[in-house]
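**Student:** take this sequence and fold it.
(chains A and B)
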Amino acid sequence: MNPSNLADPAFWSRLQFAFTLTYHYLFPQLTMGLAWFLVYWKWRALRTGDEKYNQAVRFWAKIFGLNFAVGVVTGIPMEFQFGTNWADFTRYAGGVIGQTLAMEGMFAFFLESAFVGALIWGEKRLGPRYHFLAAVGVALGSWLSGYFILVTNAFMQHPVGFQIEANGSLGIASLRTYLLNPWAWVQFLHNQMAALVTGSFVVTAVGAFYTLRRRHPIQARRYLRGGTLTALIASVLVAFPTGDQQAKMVGRHQPVTLAAMEGRFVGGPVAGVAVVGQPNIAARRLENSIEVPGALSFLAYGTFQSYVHGLEEYPEDAWPDNIELLYYSFHVMITLGTIFILLMAYAGFQNWRGQLESSTMLLWVLMLAFPFPYIANTLGWMTAELGRQPWLVYGLFHTRDGYSKVVSNGDTIFTLIGFAGLYFVLGLLFLFLVGREIAHGPDEEVVASRGEESLV
Amino acid sequence: MIATWYGIVSLMLIVYVALDGRNFGAGMLHWFVARTPEERRQVVAAIGPLWSWHEVWLVGFGGTLVAVFPRLMASAFAGYYLALFLILWCLILRGISLEVGGHINDRLWQGFWDFVFVFSNFLLAIFFGAAAGNLVRGVPLDAQGNFSMAFFTDFNVRGYVGLLDWYTVSVALFSAVILAAHGATYLTLKTEGPVHDRSTMWGKYLWAAVAPLFLAISVESWVVRPDLPGHAIHDPFCWLGLLVAIVSTIMLISGLSTHREVRAFLGSNGLLVGLLATGAGAIFPVMLYSTLAPENSLTAYAVAANPRALHIASIWWPMSFVLATTYFVFISLRYAGKVRLKRDTQGFY
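**Tutor:** Residues are numbered from 1 along each chain as shown, chains lettered A, B, ... in the order given. Modelled structure (predicted):
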C-alpha cells in the first residue's frame, strides 16, 4: 500500500481508525491512572476519617467523570469500526479477537460503568464503605478493560493460540495461550505504568497550580506529594523493566520493526541508539546522527556485541510503511520518558529536603509538564501500530487486505470529517469544563458551612 | 449451540433496547414533562447515574457479536455504514448532553444541552426503529454476503432497497412512540410532583397510540415478509415471546389504571422484551435477509465462529453475565425509589 495515494480506501480507513483511536485514548489513560488515586484517597478517608481526603475525591471525581464520559462516548465507535471499516479483518480474525472484545464488554465495562455513576454522584446514596467499593470497582474495571484490549492488540502484534480454519480464516485454538500471550503481559504493564504517569502528572500539575496561586494549601500539598512520588515510581517502571522488555520483545519477534524504529539500514554488531538523527529512506541512511555505541545491541539482545538486523536484510515490502514517523515516534517517546524520570527524581529530592513547595521554578515546570505524558503515550501507541505495518496480524494478514471493500471513500471521508468536527467541539467542551472545575477547586469552605444542604 | 448463541446475542440487544429505551423515551419527553430547570434536573437525575451502564449493553452486544458471529458483524456493519455512524454520533451527543448539562447553572447553557438531549434521543429512537425494520425487511445482500445501502432508493421493500422505505419508516415511528411510552412509564415511577403527573398523562396517551400502531405494523410486516408468520407459528420461542408480551400488556394496563407504578414499568419492559423476542424468533435462523435473492441470506449457521470459539465463550459468558447482573442488582437497590434532587443531584458542581 502506498500511503501517499489518497485514492486508496485502506488509507482513509486507517486514518479514521488512527484519528478516532488516538483521540479516544487521551481519556482512558487518565481514567486508568487517576482511578487508583481515588481508591487511595477513599481508603485513607475510610481509615482515618479525615474529611480532607473525601474532599479530594469529590473534586477529582468531577474531573474523572467528565473524562470518563468522553472516554465512553468516543470508545463505542472504536468497537463498531471493526465491522464498519475493517470488515475483512473481522471476517478473518474475528473468531479470535472477538473473544477479548466481548470479554472487555462483559467483564470490564459492566463493572466500570455500573459503579462510575455511583462514584461520582452516589456518595450520599452509598455511604462511605460502598463508596470506597465503587472506587475500587471503577479502577479494576478500567484496568481489566485495558488488559483485554492489549490482549487483542498483542494478538495482532504476535499471534498465538489460533488455528487456521478450512475457509482460511482464523479460529481460536486455546483461550489460555491467547490470554497469556507474553507480548500482552509486557505491553499491558508498560501501558498501565504509562497511564499512571499521565494520571500522576495531572494530579501533580493541579497541585503545583494551587501551590503557585496559594490556594487550597492542604489539598495542594497532598496532590503535589502524592503526584510526584507516584510519577517517579511509574516513570521508572515505564522504562525499566517494562519498556526494556517491550523492546526486547520487538527485537525477538519483529526484528525488521526494531531496525526501522532505529533507522538502521545496515545490520551489524555493536549497534548504537541514535540520540539525534533523521532517517533518509531514499538514501538509506540516518543523517546527522549522534549515537550511543552498542546501546541498541545491549538493550535489545543483552550484550554490547549482539548483532542487530538492518532493514536491508529484508525485502522492502516487509518494511513498515512509514519508517520516518515510526522512527520519530519511538525516539521522542524515549526522550520524553527520560525527561520524566529526571524531572520527578529532582522533585522527589526537593520533597525529601522539604523544599518542594517553595521551589517556584520547579513548580512551574511541574504545572506545565502535564501534556507531555499524553504525547508520550500517544507516541508509544504510534510506535506499536506503525511498527506492526505492513501487517494487520503480524506475518499472517496484510493491512491492505483488511478494510471493508463495500464502503466507498466517499463514506469514509464523510465520517472522518464528521468525527473531526464532533471531536473538536468535544475537546473544547472538555477543556472548558475541566478548566472551570480546576479554577473553582476543591471547595473546602462552602461544603463545610452548608453541611447537608450543600450540592456536592 | 448456534441457536443458543443466537438467543444470547438477541437477548443482549433486547436488554439494551429495554434499558436504554427508557432513556430515549424520557429524553424525548424531557421538554414536555419538565418545564422548569429544577424539573428538568429531575428527569436527568432519573437517568443519570446509570446511562453508561445501559449503553454498555450495546458494547457487550457488539463484542459478543464479533466473538460468536464475526462474519455477520463484518457484513452488517460495513453495509449499514452511514446509519451506524449516525447512531454513534447521536449516542455521543446524548451522553455528552447528560454529563455536561449539569455543570453550569445557567439558562442558556442548560437550554442548549436540553435541546441536544431531546433531539439526540429522538433520533436514536428513530434510528434504532429503522434498524429493526431493516432486520425484518432484509438488505440487498449479494452472493458473497456483502451489501452496501443508500439511505433511500425508491421507498420499496424489494430489490435494491435503501435504509428508509415505507416499511422501515413506519417501524421507526412506531419505535419512537413505544419508547416514548416506555420512558413516560419510567419517569412516572421515578419522579414526584408535576413531572410525575405530566408523565402519567403522556404515558396514557402514548400507550393508547401504541395499540393501533402495533396492529398496523403487524399487517405491514406480514405484507413485507409473508413467510414470517408461517415460520413463527412453528417456533416455540415466538410463542414464549408472545406469551411474555401478553402477560406484560395485562400488567401494564392494570398498573396504569390502578397507579401501581412498579407493575406498570415491569409490564412496559416485558412488553418490549416480548415483542422483540417474538421478532427475533420469527426471523431465525436468518440473521440478515437478502431482498435480492433469499438464498443469499446469511443464516446464523453460516456466519458463526468455529465450534471451539462458541464452546469457550459459553464457559466465560455465563460467569460475566452473573457478575453483571450482580452489579445491576446492587446498584439498582441503592438507587431504588423516587429521585430526590438533594441526594441525587447531578450537577451544578
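
**Student:** let me know the pLDDT of the residue nearest to B:Arg334 when sequence neighbours are not counted.
**Tutor:** In space, and not counting its chain neighbours, B:Arg334 is closest to A:Arg125: 5.4 Å by C-beta to C-beta, 6 or more residues apart in numbering or on different chains. Backbone N, C-alpha and C define where each C-beta goes, glycine included. At A:Arg125, the model reports a pLDDT of 80.

**Student:** so how far is the helix or strand harbouring A:Arg125 from its chain's centroid?
**Tutor:** Under the criterion of DSSP states H and E, A:Arg125 resides in helix A:123-157. Put simply, helix A:123-157 sits 15 Å off its chain's centre (C-alpha atoms, centre = their mean, to the nearest Å).

**Student:** hang on, the earlier thing: surely the residue nearest to B:Arg334 meets B:Ala336?
**Tutor:** No: the criterion here is C-beta atoms under 8 Å, and A:Arg125 misses it with B:Ala336 at 10.0 Å.

**Student:** what about those two, which has more around it?
**Tutor:** Counted by other C-beta atoms under 10 Å in any protein chain shown, A:Arg125 and B:Ala336 do not tie: A:Arg125 has more neighbours, with 19 against 10.

**Student:** what is the burial count for the nearest residue to A:Phe298 once chain neighbours are set aside?
**Tutor:** Nearest non-adjacent residue to A:Phe298, counting by C-beta to C-beta, 6+ apart: A:Phe304, 5.0 Å away. A:Phe304 has 16 neighbours, counted by other C-beta under 10 Å.

**Student:** OK, contacts around A:Phe304?
**Tutor:** Residues near A:Phe304 by C-beta atoms under 8 Å, 6 or more residues apart in numbering or on different chains: A:270, A:294, A:297-298.

**Student:** quick check on those: which are buried?
**Tutor:** A:270, A:294, A:297-298 (16 or more other C-beta atoms under 10 Å in any protein chain shown).

**Student:** so which of the residues you listed comes closest to A:Asp411?
**Tutor:** Nearest to A:Asp411 out of those is A:Ser297 (C-beta to C-beta; 47.7 Å).

**Student:** which strands or helices does the host helix or strand of that closest one pack on?
**Tutor:** Using DSSP H and E, A:Ser297 sits in helix A:295-301. Contacts defined by 3 or more C-beta pairs under 8 Å, 6 or more residues apart in numbering or on different chains; DSSP states H and E place helix A:295-301 against helix A:244-253, strand A:273-280.

**Student:** quick one: distance of it to the chain centre.
**Tutor:** 25 Å.

**Student:** list the contacts of B:Leu288.
**Tutor:** Contacts for B:Leu288 (C-beta under 8 Å, 6+ apart) come out as B:72, B:75-76, B:135, B:138-139, B:141, B:297-298.

**Student:** do the same with A:Thr22
**Tutor:** Residues near A:Thr22 by C-beta under 8 Å, 6+ apart: A:378, A:381-382.

**Student:** can you put these in TSV and add distance to chain B and neighbour count?
**Tutor:** Listed next are the contacts of A:Thr22 as TSV, based on distance: C-beta to the nearest C-beta, whole Å; neighbours: other C-beta atoms under 10 Å in any protein chain shown:
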residue	distance to chain B	neighbour count
A:Thr378	21	19
A:Trp381	21	19
A:Met382	24	20
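
**Student:** please narrow the residues you listed to those residing in helices.
**Tutor:** Members of the contacts of A:Thr22 lying in helices (criterion: DSSP state H): A:378, A:381-382.

**Student:** and the residue nearest the centre of chain A?
**Tutor:** A:Asn377 (4.5 Å; C-alpha atoms, centre = their mean).

**Student:** ok, back up a step: what's the distance between the residue nearest to A:Phe298 and A:Glu262?
**Tutor:** A:Phe304 is 15 Å from A:Glu262, where distance means C-beta to C-beta, to the nearest Å.

**Student:** buried residues of the host helix or strand of B:Leu333, list them for me.
**Tutor:** Element membership of B:Leu333, judged by DSSP H and E, is helix B:307-334. Using 16+ other C-beta under 10 Å as the test for burial, helix B:307-334 gives B:308-310, B:312-313, B:316-317, B:320-321, B:324, B:327, B:330-331, B:334.

**Student:** make TSV from those and add pLDDT to it.
**Tutor:** Formatted as TSV, those follow (pLDDT from 0 to 100):
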residue	pLDDT
B:Arg308	89
B:Ala309	90
B:Leu310	91
B:Ile312	91
B:Ala313	91
B:Trp316	93
B:Trp317	93
B:Ser320	92
B:Phe321	91
B:Ala324	89
B:Tyr327	88
B:Phe330	85
B:Ile331	81
B:Arg334	80
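
**Student:** which residues of the stretch 201-349 of chain B fall in strands?
**Tutor:** Listed from the start of the chain, the stretch 201-349 of chain B has strands (DSSP state E, counting those that start in this stretch) covering B:286-288, B:298-299.
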